[in-house]
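Undergrad: The following block contains a protein sequence and its predicted model.
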Amino acid sequence: MDSEAIKQELLARLQVDIDHFEQNMPRENAIAWRGYFAALLEWNVIAVATHDALWSLLPAIESDPVDAILLGRE
């Protein structure tokens, strides 16, 4: 599967979840998606631009544990 097809598949899956929650995704679900996208980025399945585009569709999360795992702790 090429990178554009992967991006479109992920966008479609994410949109289904966003629609399911009527644009008000619960924190736990958003964290799960962010973790999933972070893992795909870390394992070079998706590009940084794809990661950022997907991430931008999710609600902001205060004290997001995914950030600490992906970026490291101070």
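TA: Yep, that arrived.
Undergrad: what about the helices in the chain?
TA: Secondary structure of the chain by DSSP state H: the helices cover 3-20, 27-42, 48-55, 65-71.
Undergrad: would you turn those into a markdown table with mean neighbour count?
TA: In this view, the C-beta of every residue, glycine as well, is placed from N, C-alpha and C. As requested, the helices of the chain are arranged in a markdown table below (neighbours: other Cβ atoms under 10 Å):
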| stretch | mean neighbour count |
| --- | --- |
| helix 3-20 | 13 |
| helix 27-42 | 17 |
| helix 48-55 | 15 |
| helix 65-71 | 13 |
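Undergrad: Adding mean pLDDT, write those out as JSON lines.
TA: As requested, the helices of the chain are exported to JSON lines (pLDDT from 0 to 100):
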{"stretch": "helix 3-20", "mean pLDDT": "96"}
{"stretch": "helix 27-42", "mean pLDDT": "96"}
{"stretch": "helix 48-55", "mean pLDDT": "96"}
{"stretch": "helix 65-71", "mean pLDDT": "85"}
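Undergrad: I'd like to know how far Asp52 sits from Ile31.
TA: Applying Cβ to Cβ, to the nearest Å, the value for Asp52 to Ile31 is 17 Å.
Undergrad: whoops, I mixed them up, His20
TA: According to Cβ to Cβ, His20 and Ile31 sit 16 Å apart.
Undergrad: ditto for Glu9
TA: 21 Å.
Undergrad: How about Ala68?
TA: 11 Å.
Undergrad: quick one: contacts for the closest residue to Val45 other than its chain neighbours?
TA: Nearest non-adjacent residue to Val45, counting by Cβ to Cβ, 6 or more residues apart in numbering: Ile6, 6.7 Å away. By Cβ atoms under 8 Å, 6 or more residues apart in numbering, the residues touching Ile6 are Val45, Ile46, Thr50.
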